[in-house]
Every structure is written in C-alpha cells, then in structure tokens.
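Asker: Okay, predicted coordinates and the sequence, questions at the end:
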Amino acid sequence: MAAPKVEITKHWHDGSETIGYAEGKLNGREFTASWATWCPFDAIFYDTWLDSTKSQNKAIACVLKKLGAVPPVQVA
C-alpha cells in the first residue's frame, strides 16, 4: 500500500505557541488537524470522510513536522 499523499494548504498557531491548527488534503480528501503542547497530535477531524487511521495521522504529523509547525508536532 502506498504512503498517504499529504498536502498542507494552511497552518496556524496561537500567539502563545500552545495550540496548532492545519488544513489540507490527504489522498485528495480535505482534513483539518489540531494539536497542542499538552497533546502533541491529538485530534484530526476529516471533513469528507470519517475513517482516521494511525498511518494517516502519522503521515499528516510527519509533513507538519517537516514544515516546522508550531508547537512542534510529535510523530509516533
């Protein structure tokens, strides 16, 4: 199975660098993701479908880490 293709179209963090948010596409489907310093990569909310797997979460986290997202994203 091919690795998920992830495109981040927007990412943002609050002024205190405590909470991060991103929008993008995973294999052509839109998603939003959020994380915080107390929960490095907790929530992914898919806009167009409801299945969220560990490999999908990891793929999104890896791309956010490469982009230098704030707060830093942990990759499990």
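Answerer: That came through, no problem. Residues are numbered from 1 along each chain as shown.
Asker: Quick check: the gap between residue 72 and residue 62.
Answerer: Distance of residue 72 to residue 62, computed by C-beta to C-beta, to the nearest Å: 13 Å. Yep, even glycine has a C-beta here, placed from its N, CA and C like the rest.
Asker: Kindly apply the preceding question to residue 41 instead.
Answerer: Per C-beta to C-beta, residue 41 is found 10 Å from residue 62.
Asker: isn't residue 22 right up against residue 8?
Answerer: Yes. With the criterion set as C-beta atoms under 8 Å, residue 22 and residue 8 qualify as a contacting pair; they are 5.5 Å apart.
Asker: any shared contact partners between those two?
Answerer: When contacts are counted by C-beta atoms under 8 Å, 6 or more residues apart in numbering, the set common to residue 22 and residue 8 consists of residue 64.
Asker: quick one, which of those two is more surrounded?
Answerer: Using other C-beta atoms under 10 Å as the criterion, residue 22 and residue 8 rank with residue 22 on top: 24 against 18.
Asker: what is that one paired to in the beta sheet?
Answerer: Beta-bridge partners for residue 22, by DSSP bridges, are residue 11, residue 33.
Asker: Quick one: mean pLDDT for stretch 26-35?
Answerer: Averaging the model's pLDDT scores along stretch 26-35 yields 88.
Asker: I meant stretch 55-68, not that one.
Answerer: Across stretch 55-68, the average pLDDT comes to 90.
Asker: ok, now stretch 6-16?
Answerer: Averaging pLDDT residue by residue across stretch 6-16 gives 95.
Asker: Which positions within it qualify as buried?
Answerer: Neighbour-count burial for stretch 6-16, with 16 or more other C-beta atoms under 10 Å as criterion, is recorded at 6, 8, 11, 13.
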